[in-house]
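Enquirer: I need the structure of the sequence given here:
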Amino acid sequence: MKQDDQRGKKIVIALDGPAASGKGTLARRLASHFNLALLDTGILYRAVGWNVLQDGGDPENEVDALKAAEKISDTDFSNPELRTESIGVAASKVAQIAAVRSTLLNFQRHFANNPPPDKDGAILDGRDIATVICPEAPIKIFITADVETRAKRRFLEEYGENGTPEQLAEILKDLKDRDQRDINRSASPLKKAENAYLIDTTDSDIEAVFEAAREFVSSKM
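Expert: Below you'll find the predicted structure:
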């Protein structure tokens, strides 16, 4: 991979999108293909939400959330419970708090600008990577899908073929609520950067999405 000739830095890909849009899967595929270090920034907020709940706090309380954010380095990011829907809801609540976002911002920027020497750059996926964390990233992608499609994907991930209509309805409600919080929060709202490449995955499988993203990234190298 070519490095940025002007800045002498390795490539940075900023990948944004709403929950269950497929950005995590795409980020892993791109990281593997282009030999990039990968940071799922959502796991940081999930970890903060987890820490708040473990301490018996309120994810919407700034004091509780900031205390949890400050001990992020002590969190086990491999904990499978961080991927549950309930922790996702807590994550979207702590993510609305500006002080929490500020605490995690430097961690994310350092990761983007200092990938391991054996990597050709970094890819970060989240909600505000292209707009706030890495606004100067040379490659920006925004991935989305309609909320009903995203709910069905999350439903199948969590329950497979054994889920109930009531469980699907609850996931759909949670995603709609999370979208509203993410889009309308005052601190770093979810939105597409003006120069980001838009990929709608509603009617596409992962192979088609990956190929579209791979071609776009290759064109920028």
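Enquirer: Help me confirm that V12 is found in a strand?
Expert: Yes - with DSSP: H, G, I helix; E, B strand; the rest coil as the criterion, V12 is located in a strand.
Enquirer: any idea of the pLDDT on it?
Expert: According to the predicted model, the pLDDT of V12 comes to 96.
Enquirer: Against which helices or strands is the longest helix anywhere in the chain packed?
Expert: If each helix of the chain is counted by residues according to DSSP state H, the longest one is helix 165-184. Packed against helix 165-184 by the contact rule (3 or more Cβ pairs under 8 Å, 6 or more residues apart in numbering; DSSP states H and E) you find helix 85-94, helix 147-159. C-beta coordinates here come from the backbone N, C-alpha and C atoms, glycine included.
Enquirer: what's next to that helix, contact-wise?
Expert: The contact list for helix 165-184, computed with Cβ atoms under 8 Å, 6 or more residues apart in numbering, reads 18-20, 85, 88-89, 92-93, 95-96, 127, 147-148, 150-152, 154-155, 158-159, 189-191.
Enquirer: Just the buried subset of these, written out for PyMOL, thanks.
Expert: Selection command for PyMOL covering only the buried members of these, criterion 16 or more other Cβ atoms under 10 Å:
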select buried, resi 18+19+20+85+88+89+92+93+95+96+127+147+150+151+152+154+155+190
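Enquirer: now stretch 25-38: how far from the chain's centre is it?
Expert: Distance of stretch 25-38 from its chain centroid, counting by Cα atoms, centre = their mean, to the nearest Å, is 14 Å.
Enquirer: what does stretch 125-145 give?
Expert: Averaging C-alpha positions (Cα atoms, centre = their mean) puts stretch 125-145 9 Å from its chain's average.
Enquirer: How about stretch 174-192?
Expert: 12 Å.
Enquirer: Same question for stretch 106-126.
Expert: Taking Cα atoms, centre = their mean, the mean C-alpha location of stretch 106-126 is offset from the chain mean by 14 Å.
Enquirer: Perfect, that will be all.
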